[in-house]
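S.K.: Generate a structure from the sequence data that follows.
(chains A, B, C and D)
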2 protein chains.
Amino acid sequence: MDQVNLKKLAKELNLAVSTVSRALRDSHEISPKTKERVRELAEKLGFQPNPHASSLRQNRSKTIAVIIPEIENNFFSQVINGIESVTPDKGYHVLIYLSHEDYNKERDILQLLRNGRVDGVMISVSNTTTNMDHIEAWRQNGFPLVIFDRTCEDVDVPNIMTNDAEMAFKATEHLVKRGCKRIAFLGMAGNLSISNRRKAGYLAALEKYRIAAPPKVVELTAKDYINRDLLKQIFQEQPRPDGIFAAIEKFAVNTYEVCKELNLHIPKDVKVISFSNLQAAALFDPALSTIIQPAYDIGREAANILFKIIEKKMLMPYEKKMILPSQLIERASTAITS
Amino acid sequence: MDQVNLKKLAKELNLAVSTVSRALRDSHEISPKTKERVRELAEKLGFQPNPHASSLRQNRSKTIAVIIPEIENNFFSQVINGIESVTPDKGYHVLIYLSHEDYNKERDILQLLRNGRVDGVMISVSNTTTNMDHIEAWRQNGFPLVIFDRTCEDVDVPNIMTNDAEMAFKATEHLVKRGCKRIAFLGMAGNLSISNRRKAGYLAALEKYRIAAPPKVVELTAKDYINRDLLKQIFQEQPRPDGIFAAIEKFAVNTYEVCKELNLHIPKDVKVISFSNLQAAALFDPALSTIIQPAYDIGREAANILFKIIEKKMLMPYEKKMILPSQLIERASTAITS
DNA sequence: ACATTTTTCGAAATCGTTTGCAAAGAATTT
DNA sequence: AAATTCTTTGCAAACGATTTCGAAAAATGT
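M.R.: From the prediction side, this is the model:
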């Protein structure tokens, strides 16, 4: 790899390395004439500065890390898309890490990055994360960090999320207005902030509408077969739920699967609504009513805020806790059946 | 950031920097006793070597880049997942770049990486890529590179893909056996290798089964509304197709949408089968018959091969062109209606 | 013509790690 | 005992770009 570097350019042009460097960075202390000469040769030889040398010297990597629990989930894909909508313009690169919903992996990844490899981190915590020490350590270190979607209130770090509680309230309200009397909430096991917020909205709606039946909070997992078993149990109890509010897309899919198996008709026997960013939800049998999160915007805004922190700009108060609204789309799965 | 570095460790231990470095890299030329002392302090102070300094010195970044056309597509998410299943163990980091199906962006990204930022690249080319010069330039440069899924035969670079033609043949055959007489192929506009391979399989099946109706190859785009208009036209022609083979998942979705709008019944009026990695395809109305690609495996194998190249190991012949088989899943959208 | 400022450039230090080489001491062989 | 290896460590030079500092050279002012 006979890479062309500053030294080579300098020799060729009969200039000092420092002059070439300055010329390429458009320094005021280089004459227009030499700048032109330098740029021309650099262009011709296809010179590109070695990023490691730059990063080492400037103590700045021009790279950020995104840590997410999983990637086979439309929501996180859209977030990444949103992030990528700002990074190239900033001249930044994006490293992806998956925690696979494992606290230990998450901690190790964060640990791994405490050496200057990245200038900042965006993270959505795993659902097994109960301890926020690893996040807190970063914050205290003064390392730029933002948390999105799966936030943690305990730590003083910018949060970018959606109005989970409000939308959960609306979703539950929607089911109530469609005539459901026994609404179950399908949340993620663990102590996830979004699960808690969504559960709170669910409970608030039940209370507001004075639903007689006691709240039914079901904690599902990452494993489909376990979820299906649990759901089967629940649908075989008497009286069974006539409304399902799934806090996670995957759980709505599990519900559909189980209903098909048990010959329960959606929406006649059970109405279903779910948080989901799946475009194809409209094609389901029946079309699934969803709460769509502004995933792309969450990614974009989170990235913007991270860059503000990296650039040591002051954050507006609203940027410390940004809430982007979701959207409820009614479809056949919550239709009234006469 | 009072980062702890080798110099600090050395001073503290009253050793030379080089000794500390060697001790941490477990060099044979350091006595077990000093190794222990060094490791202990390094552990205590939480020393982590600066990756930029290492990369600069060793001319090796421990990072690979993945360039994909888009990320809001289950297939590519699964590929990334597969890649990530091997990278951490190798101590490697993964940069993600999106070409957004734009040849110029793709070229620029590749250009951007020709400076040592990464040790290798995995790419799935955009559908506007007709010119392979940028890939060829990399190859000639001796830079480690593998192409997956959307490969290009012209260039002598390891390919990892699925048996597109064969599965396209089987999908078409499947429609024929389900009684379809006029089967249309929905491919991506542009000169994409996978489109061509899948088209070839489609045509071969039509020929083998001596289908009277002339082949109908429809070229769709990235824009949903354009696709829907085109599909509407096609379904309003007489005679209209009674079978649709979508080479891309998105096109099957478009087909469903249009059929709903035109009140065409799937599978009675039209049968549909599609390449797709969407788990929820089984929940569609009707459940969509799919050809599932081994996306995760493609990612994993592609990464493994890339690492072999990076480590300058010889490739087995089959690794230069690896074909991982897809799987055809019959569902209601191609069922026989009596 | 001289002094002063401004412009333009070069030498060298720096970032933190790795590594070739030398050197000192210990262990072994002759 | 001398000569030889082997073990263990330190010194210093890389890697390539940036940046501080200072020195010419040119432009300006008196």
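S.K.: how close does the residue nearest to A:D285 when sequence neighbours are not counted get to DNA strand C?
M.R.: Once flanking residues are discounted, A:D285 sits nearest to B:D285: 3.2 Å by CB to CB, 6 or more residues apart in numbering or on different chains. Every C-beta, even on glycine, is put in place using the N, C-alpha and C of the backbone. Distance from B:D285 to DNA strand C, counting by CB to the nearest atom of the strand, to the nearest Å: 58 Å.
S.K.: got the contact list for B:D285?
M.R.: B:D285 makes contacts with A:L283, A:F284, A:D285, A:P286, A:A287, B:Y256, as judged by CB atoms under 8 Å, 6 or more residues apart in numbering or on different chains.
S.K.: Per-residue pLDDT of it, please?
M.R.: B:D285 is assigned 88 on the pLDDT scale.
S.K.: Whichever residue of the stretch 51-200 of chain A sits closest to DNA strand D is in what secondary structure piece?
M.R.: Residue nearest to DNA strand D within the stretch 51-200 of chain A (CB to the nearest atom of the strand): A:A53, separated by 3.2 Å. Using DSSP states H and E, A:A53 sits in helix A:51-58.
S.K.: next structured bit after that helix?
M.R.: As assigned by DSSP H and E, the chain's next helix or strand after helix A:51-58 is strand A:63-68.
S.K.: Name the member of the contacts of B:D285 with the most neighbours.
M.R.: Neighbour counts for these, by other CB atoms under 10 Å in any protein chain shown, peak at A:F284, which reaches 26 neighbours.
S.K.: Return the set of residues that bridge with it.
M.R.: Counting by DSSP bridges, A:F284 forms beta bridges with B:F284.
S.K.: Please name the residues that touch the residue lying closest to A:E249 once chain neighbours are set aside.
M.R.: Leaving aside its chain neighbours, A:E249 sits nearest to A:S276 (3.8 Å; criterion: CB to CB, 6+ apart). A:S276 makes contact with A:N74, A:A246, A:E249, A:A252, A:L288, A:T290, A:I291, A:I292, according to CB under 8 Å, 6+ apart.
S.K.: Grab the two from these that are most spread out in space.
M.R.: Distance extremes for the contacts of A:S276: the farthest pair is A:N74 and A:A246 at 14.6 Å, using CB to CB.
S.K.: Which of these two has more residues huddled nearby?
M.R.: Using other CB under 10 Å, the more surrounded residue of A:N74 and A:A246 is A:A246, with 28 against 23.
S.K.: Contact partners for that one?
M.R.: Counting by CB under 8 Å, 6+ apart, A:A246 touches A:L186, A:A252, A:T255, A:V272, A:I273, A:S274, A:F275, A:S276.
S.K.: Can you flag which of these belong to strands?
M.R.: A:L186, A:V272, A:I273, A:S274, A:F275 (DSSP state E).
S.K.: shouldn't A:S333 be in contact with A:K268?
M.R.: No. Contact between A:S333 and A:K268 fails when scored by CB atoms under 8 Å: they sit 10.7 Å apart.
S.K.: Compare those two and say which is more crowded by neighbours.
M.R.: Counting neighbours by other CB under 10 Å for A:S333 and for A:K268 shows that A:S333 has the greater number, 26 against 13.
S.K.: backbone phi and psi for the residue of chain A found nearest chain B, please?
M.R.: Closest residue of chain A to chain B, CB to the nearest CB: A:D285 (3.2 Å). When quoted as degrees, to the nearest 10, the phi and psi of A:D285 stand at phi -110, psi 100.
S.K.: residue contacts, A:L278?
M.R.: A:L278 touches A:N74, A:E249, A:L288, A:T290, B:A280, counting by CB under 8 Å, 6+ apart.
S.K.: Report the two of those residues separated the most.
M.R.: For the contacts of A:L278, and using CB to CB, no pair is farther apart than A:N74 and A:L288, which are 13.1 Å apart.
S.K.: Under the pLDDT cut-off, which ranges of the stretch 51-200 of chain A? List them.
M.R.: Along the stretch 51-200 of chain A, the model assigns pLDDT under 70 to no residue.
S.K.: List the contacts of the nearest residue to A:Q78 once chain neighbours are set aside.
M.R.: If the residues on either side of it in the chain are set aside, A:Q78 comes closest to A:A295, at 3.4 Å by CB to CB, 6+ apart. The contact partners of A:A295, by CB under 8 Å, 6+ apart, come to A:N74, A:F75, A:F76, A:S77, A:Q78, A:V79, A:N81, A:G82, A:N277.
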